[in-house]
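A.B. asks: predicted model and sequence follow; I will ask about them next.
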Amino acid sequence: MPKNCSSHCISGCEYETTEKQKTETPIKLKKKEKAIAIFKTVITNIIRSMKKHFLAFTAIAITFSSCKKENTHTQGTTNADYINATDCSGSSPTYTANVQPILDTKCATSGCHDIAFASGGLALEGYDSTKTHFNQHKILCAINHNSDCGAMPKSQPKLADTEIKTITCWAKNSFPN
C-alpha cells in the first residue's frame, strides 16, 4: 500500500512491505540467483565446448591442407606445363618405335582408350588419333598422377618415369611418327 506518494510521480511512492512479502522475497531471490548461476554455468560450458571443437576442426583442416600430394615433375596441369618442365636433350622418341608400345600395353587396351571404346572421348590407338587427342586432353597431367587430374592408368600404378619422359619428349619434339 502506497504511502507518502505525490499524485504526479509514481516512482516517488514508498510502499509498505507486509510480513508475507518479507519472507517470500529471500526465497524468490535464492531461486533466481540459482537459476542465473546455472545459466552462467551452461553458457560457460557451451563456450568451452565450442572452443575445443573449433580448435580440433582447425587442427584437422591444417593437417589435411598440408597433405596435398606434390607433383615431382611440375605444378602445372596442362600438357605444355609438363613439356616445358622436361629436359629432352638427347631424347628423340618416335610414335612407332617408342610411344606406341607404351600406349598399346597401358592405355589403348580393350575397354579403356582403344578406338572402339574411347573412354572419356580419348582414343589412343593409332598415330593420327593419338596426336589429335593428345592436344585435346590433359594426358601428361593424368599420367603423372597429379591430384588435379584423374590419375591414369585408372586404378593402376603410375607409369614408370622413363615411360612418362618418353611420351613427354615425343610431344615436345612435335610428335614424330
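C.D. replies: Sure thing, it's come through. This structure is a prediction, so every number in the text was calculated from the model and none was measured.
A.B. asks: contacting residues around residue 176?
C.D. replies: Neighbouring residues of residue 176 by Cβ atoms under 8 Å, 6 or more residues apart in numbering: 92-95, 170. (C-beta placed from N, C-alpha, C; glycine too.)
A.B. asks: can you tell me what sits against stretch 164-174?
C.D. replies: For stretch 164-174, using Cβ under 8 Å, 6+ apart, the contacting residues are 73, 79, 82-83, 86, 88, 91-95, 98-99, 102-103, 134, 139-140, 143-144, 158-159, 176.
A.B. asks: can you tell me which of these are in helices?
C.D. replies: Counting by DSSP state H, the contacts of stretch 164-174 place 79, 82-83, 102-103, 134, 139-140, 143 in helices.
A.B. asks: give me the low-pLDDT residue ranges for the protein?
C.D. replies: Within the chain, the stretches with pLDDT under 70 are 1-29, 63-76.
A.B. asks: the strands in it, which residues?
C.D. replies: Assigned by DSSP state E, the chain shows strands spanning 2-3, 14-15.
A.B. asks: picking that back up, what's the ChimeraX line that selects buried ones from the contacts of stretch 164-174?
C.D. replies: In ChimeraX, this line selects whichever of the contacts of stretch 164-174 come out buried by 16 or more other Cβ atoms under 10 Å:
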select :73,79,82,83,86,88,91,93,95,98,99,102,103,134,139,140,143,144,159
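A.B. asks: farthest pair within the contacts of residue 176?
C.D. replies: Largest separation among those by Cβ to Cβ: 92 and 95, giving 11.7 Å.
A.B. asks: which residue ranges of this protein form helices?
C.D. replies: For the chain, the helices defined by DSSP H occupy 19-65, 79-85, 100-106, 127-134, 139-143, 161-172.
A.B. asks: pick the most buried one from those.
C.D. replies: Across those, averaging neighbours per residue (mean count of other Cβ atoms under 10 Å) puts helix 139-143 on top, at a mean of 24.
A.B. asks: now could you export just the CA positions of that helix as CSV?
C.D. replies: Provided in CSV are the C-alpha atoms of helix 139-143 (Å, rounded to 0.1, in the frame of the first residue of the first chain):
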residue,chain,number,x,y,z
ILE,A,139,47.3,-36.5,-70.8
LEU,A,140,50.6,-35.6,-69.2
CYS,A,141,48.8,-34.4,-66.1
ALA,A,142,46.9,-37.7,-65.8
ILE,A,143,49.9,-40.0,-66.4
